[in-house]
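>>> Got a predicted structure here, sequence first:
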Amino acid sequence: MNPQQPHDHIVRSVDEEQQRLKGELLRMGAMAADQLLAALDAVDRRDEAAARSVVAADAVIDLLEQDTSQDVMKLALRGPLARDLREILAAIRIASDLERIGDYAANVAKRSLALNAAPALPQIRGLASLGGLAAEQVRRVMAAYAAQDADAARRVRDADAAVDAQYTGLFRELLTYMMEDPRHITGCTHLLFMAKNIERIGDHATNIAENVLFLVTGEETFPPREKRDATTGP
């Protein structure tokens with residue numbers, strides 16, 4: 001028997017498991033972005049059944065995170081090299097961020113159920129715009145992960161400032177609307193929470209971008225990024 005054959009078999013097996021892990025993460029990313037867009041559509045149409053479907057579908061993302069953890073353990077037990085270790089650690093972190101993105105999308109859908117009891121608000125259009133921007137960030141960062149493209153990951157990281165700026169604008173608009181007419185306080189409060197959930201999705205997309213950079217380059221520290229969330233500062 002060729003002495004290289006057992007080693008070659010192990011290498012092929014590791015490669016196959018890494019590809020499976022990558023496929024699971026890409027599936028999670030696509031589902032998370034789709035969930036957010038579905039939640040926003042349910043808000044726009046005031047569709048309770050659609051909102052409940054988004055909430056229920058969050059369990060699928062949770063299960064995928066569990067599958068990812070199991071695959072990570074299989075790879076870790078094979079005594080991986082430095083690059084493989086980065087792949088494993090990045091996968092754990094990315095899966096966690098995607099699971100949180102799914103949770104936030106479900107939270108938006110849950111809030112929409114309460115929002116439907118209040119009069120329709122014009123700021124729903126602003127929420128949809130913010131959500132579309134965040135969903136695009138998730139899709140772009142997962143494309144960067146799939147291609148292991150450090151430059152694309154950096155662009156996603158830098159673009160989070162645009163999400164922050166749009167969130168801040170919507171936050172201020174909602175506060176003004178509440179002050180002008182207290183009858184809108186309940187509906188605007190729900191929209192504020194939904195907008196914050198979407199802003200946090202942008203933050204998790206940024207976390208994923210940094211883990212793509214870690215995977216590709218080995219970088220673990222990054223220069224401060226521009227933040228335009230002015231809702232918590234002076």
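Perfect, thanks for sending it.

>>> C-alpha only now, for contacts and for neighbours.
Noted.

>>> any idea how far His190 lies from Asp34?
From His190 across to Asp34, the span is 21 Å (CA to CA, to the nearest Å).

>>> Equivalent analysis for Ala106, please.
The gap separating Ala106 from Asp34 is 11 Å, by CA to CA.

>>> The two: which is more packed in?
Neighbour totals were compared for Ala106 and Asp34, and Ala106 leads with 27 against 18 (other CA atoms under 10 Å).

>>> and that one, what does it touch?
Counting by CA atoms under 8 Å, 6 or more residues apart in numbering, Ala106 touches Gln35, Leu36, Ala39, Val54, Val55, Asp58.

>>> Make sure the fourth one is actually in contact with Asp41.
It stands for Val54. No. Using CA atoms under 8 Å, Val54 is not in contact with Asp41; the gap is 10.4 Å.

>>> The two: which has the busier surroundings?
In this view Val54 and Asp41 are compared by other CA under 10 Å, and Val54 has more residues nearby, 27 against 16.

>>> May I ask which helix or strand encompasses the more buried one?
For Val54, the host element (DSSP states H and E) is helix 48-76.

>>> rewinding a little: can you tell me which of the contacts of Ala106 lies closest to Ile124?
Ala39 (12.1 Å; CA to CA).

>>> Contact partners for the closest residue to that closest one other than its chain neighbours?
Excluding its sequence neighbours, the residue lying closest to Ala39 (CA to CA, 6 or more residues apart in numbering) is Ala109, at 4.9 Å. Each residue near Ala109 by CA under 8 Å, 6+ apart is listed here: Ala39, Leu40, Ala42, Val43, Ala51, Arg52, Val54, Val55.

>>> List the buried residues of the helix holding Val54.
Across helix 48-76, burial judged by 16 or more other CA atoms under 10 Å covers 48, 50-55, 57-58, 61-62, 64-65, 68-69, 71-72, 75.

>>> Helix or strand, whichever it is, which one in this structure has the lowest mean pLDDT?
Here the helix or strand of the chain ranked lowest by mean pLDDT, DSSP states H and E is helix 4-45, holding a mean of 81.

>>> To which secondary structure element is the residue nearest to the spatial centre of the chain assigned?
Nearest residue to the geometric centre of the chain (CA atoms, centre = their mean): Ile101, 3.9 Å. Assigned by DSSP H and E, Ile101 belongs to helix 82-115.

>>> now Phe171
Assigned by DSSP H and E, Phe171 belongs to helix 150-180.

>>> Run the chain-centre distance for that helix.
15 Å (CA atoms, centre = their mean, to the nearest Å).

>>> Tell me the helices and strands packed up against the next helix or strand along the chain from it.
As assigned by DSSP H and E, the chain's next helix or strand after helix 150-180 is helix 185-217. When contacts are defined as 3 or more CA pairs under 8 Å, 6 or more residues apart in numbering; DSSP states H and E, helix 185-217 sits against helix 82-115, helix 124-147, helix 150-180.

>>> Give me the angle between the last one and helix 124-147.
In terms of direction (axes from the mean of the first three to the mean of the last three CA atoms, to 10 degrees), helix 150-180 departs from helix 124-147 by 170 degrees.

>>> mind listing what's buried in helix 150-180?
Going by 16+ other CA under 10 Å, helix 150-180 has these buried residues: 150, 152-157, 159-168, 170-171, 174, 177-178.
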